[in-house]
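Asks: Return a 3D structure for these sequence lines:
(2 chains)
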Amino acid sequence: MTQEKEWPLYEVFVRGKRGLNHVHVGSLHAADDEMAVRHARDVYTRRNEGVSIWVVKAADITASSPDEKDPLFAPAGDKVYRHPTFYTIPDDVPHM
Amino acid sequence: MSHQTPDPNDEHGSVYDGLLGTDTSQWAFGTDFEDPLAGVDTTVPSELDAAELAAYCLALGDDALVLSHRLSEWCSNAPDLEDDIALANIALDLLGQARLLLARAAAADPSVVPTLPDGSPVPVEDALAFFREAVDFRNVRMVEVANGDFAHTVARLLLFATVRLAAFERLATHADPVLAAIAAKGVKELTYHRDYAGRWFLTLAQGTEESRRRLLAGLTGLWPLQAELARAYDAGPEVDVVLDQVFAVSGVERPDVAPMTGRGHTEALSRMLAEMQVVARAHPRGQW
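Replies: Numbering: from 1, shown residues only, chains lettered A, B, ... in the order given. Purely as a prediction, here's the structure:
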């Protein structure tokens, strides 16, 4: 490889017009944090999708490992009483 | 508004929701792809001279058209994917400005539009873009000189966007409501172009020895054309304030080179137009 140093990878989160929270939309390379926001604007909001952008260096994300899937998530599978399905939600409670 | 059972898929909001929403502000200039000024009253206000207005819109439109083409030459050639898309976006913004401005020029003074064979379906803005000779283009030389490296493009974009943005901020209150609306739309686009170019200018200036060398070479090579650009846009002191600020944070001296003399165009424009216009000219009755 002639390329000595590649730009860091950033993960991009965009909040859509009607979306309440930022959603992961993809990743890109950028020279620095500020340019990452600009690139995200150019790559992921070209069709009027977003009103807000977050970027974070992929290296700064700590993720769970697929190997831990069972110990982390399986124990919740049979605890149906944790789901808020045993009462009715009033009509005027938004975003539930 | 009646309550609806929330759709769990909807709750988190897709980033593509905006496409389905009811906000149609992005179509402020019409949904008609055939006529960019469809539904717009193009009557020239009585206090304005129609021929002068047309000539002015033509000059503004040609600058955007020519630089748009130069930027589009970066497609698939930019240093990396992200900047490839960024430059293409900027080229598209400028092409949109060119289309509106050329259409405005043609509506104000139809005599500026070249005559095409009878039955040609070519719209007026295309006739202006593709069927005029280099000598009839009103653009400044800054936008027509051939692309150099990426640093040259960054320097050119910074100079152009800074000057044009200052002018468009003034034009947003122009006596012609059509030109004023086009300028107001362009202000937002140009603000981003200047921001993008300014950030890259600083990055290249403060980057490696090589990036700084290339940036200074690009800037010095373009500077002789800066005076003509500033004159064409009637640039006030606010342009120098912005440029001096970018130069200061970047640790770059304002180049000390004499302005290029003469008027008209360089050879680069006719070469560029030959490529840009060849297909349209081969098929003057073509339907695109």
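Asks: contacts and neighbour counts: CA atoms only from here.
Replies: OK.
Asks: low-confidence ranges in the stretch 51-200 of chain B?
Replies: Scanning the stretch 51-200 of chain B for pLDDT under 70 picks out nothing.
Asks: Which positions in it make contact with chain A?
Replies: By CA under 8 Å from any CA of the partner chain, the residues of the stretch 51-200 of chain B that approach chain A are B:82, B:83, B:85, B:86, B:89, B:196, B:199.
Asks: just the strands in chain A please.
Replies: In chain A, the segments counted as strands under DSSP state E are A:9-16, A:23-29, A:50-57.
Asks: show me where chain A has helices.
Replies: A:33-44, A:69-73 (DSSP state H).
Asks: The shortest one - contacts with which helices or strands?
Replies: With contacts taken as 3 or more CA pairs under 8 Å, 6 or more residues apart in numbering or on different chains; DSSP states H and E, helix A:69-73 sits against no other helix or strand.
Asks: got the CA coordinates for that helix in PDB?
Replies: Output of helix A:69-73 as PDB, limited to C-alpha atoms (Å, rounded to 0.1, in the frame of the first residue of the first chain):
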ATOM      1  CA  LYS A  69     -25.300 -12.700  22.600                       C
ATOM      2  CA  ASP A  70     -26.800 -15.400  24.800                       C
ATOM      3  CA  PRO A  71     -25.600 -14.300  28.200                       C
ATOM      4  CA  LEU A  72     -26.600 -10.700  27.400                       C
ATOM      5  CA  PHE A  73     -29.900 -11.100  25.700                       C
END
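Asks: one step back: which one of the helices of chain A is the most hemmed in?
Replies: With neighbours defined as mean count of other CA atoms under 10 Å in any protein chain shown, the helices of chain A peak in mean count at helix A:33-44, which reaches a mean of 20.
Asks: what sits up against that helix?
Replies: A:10, A:12, A:25, A:28-30, A:53-56, B:82-83, B:85-86, B:89, B:196, B:199 (CA atoms under 8 Å, 6 or more residues apart in numbering or on different chains).
Asks: Any of the residues you listed buried? List them.
Replies: A:10, A:12, A:28-30, A:53-56, B:82-83, B:85-86, B:89, B:196, B:199 (16 or more other CA atoms under 10 Å in any protein chain shown).
Asks: Backbone torsions only: list them for residue B:179.
Replies: phi -60, psi -40 (degrees, to the nearest 10).
Asks: Around it, count how many other residues there are.
Replies: By other CA atoms under 10 Å in any protein chain shown, the residues close to residue B:179 number 23.
Asks: unless I'm mixing things up, it is touching residue B:102, no?
Replies: No - between residue B:179 and residue B:102 there is no contact, the gap being 10.7 Å when judged by CA atoms under 8 Å.
Asks: okay, and the common contacts of those two?
Replies: residue B:57.
Asks: For my notes, confirm residue B:35 occurs in a helix.
Replies: No - using DSSP: H, G, I helix; E, B strand; the rest coil, the assignment for residue B:35 is coil, not a helix.
Asks: State the distance from it to chain A.
Replies: Residue B:35 is 21 Å from chain A, where distance means CA to the nearest CA, to the nearest Å.
Asks: Nearest residue to that residue in space, please, no chain neighbours.
Replies: Nearest non-adjacent residue to residue B:35, counting by CA to CA, 6 or more residues apart in numbering or on different chains: residue B:123, 7.8 Å away.
Asks: Give the burial count for that neighbour, as a bare number.
Replies: Residue B:123 - counted by other CA under 10 Å - has 13 other residues nearby.
Asks: ok, residue B:178 - contacts?
Replies: B:40, B:41, B:42, B:104.
Asks: could you give the angle of the helix or strand where it lies to helix A:33-44?
Replies: Assigned by DSSP states H and E, residue B:178 belongs to helix B:177-205. Helix B:177-205 and helix A:33-44 meet at an angle of 130 degrees, taking axes from the mean of the first three to the mean of the last three CA atoms, to 10 degrees as the criterion.
Asks: in helix B:177-205, what counts as buried?
Replies: With burial defined by 16+ other CA under 10 Å, the residues of helix B:177-205 counted as buried are B:177-187, B:189-190, B:193-205.
Asks: which residue packs closest to residue B:215, ignoring adjacent ones?
Replies: Per CA to CA, 6+ apart, closest to residue B:215 is residue B:151, 4.8 Å.
Asks: Can you pull out the residues in contact with stretch A:54-70?
Replies: By CA under 8 Å, 6+ apart, stretch A:54-70 touches A:8, A:9, A:10, A:11, A:12, A:13, A:14, A:22, A:33, A:36, A:37, A:40.
Asks: Spatially central residue for chain A, please.
Replies: residue A:24 (3.1 Å; CA atoms, centre = their mean).
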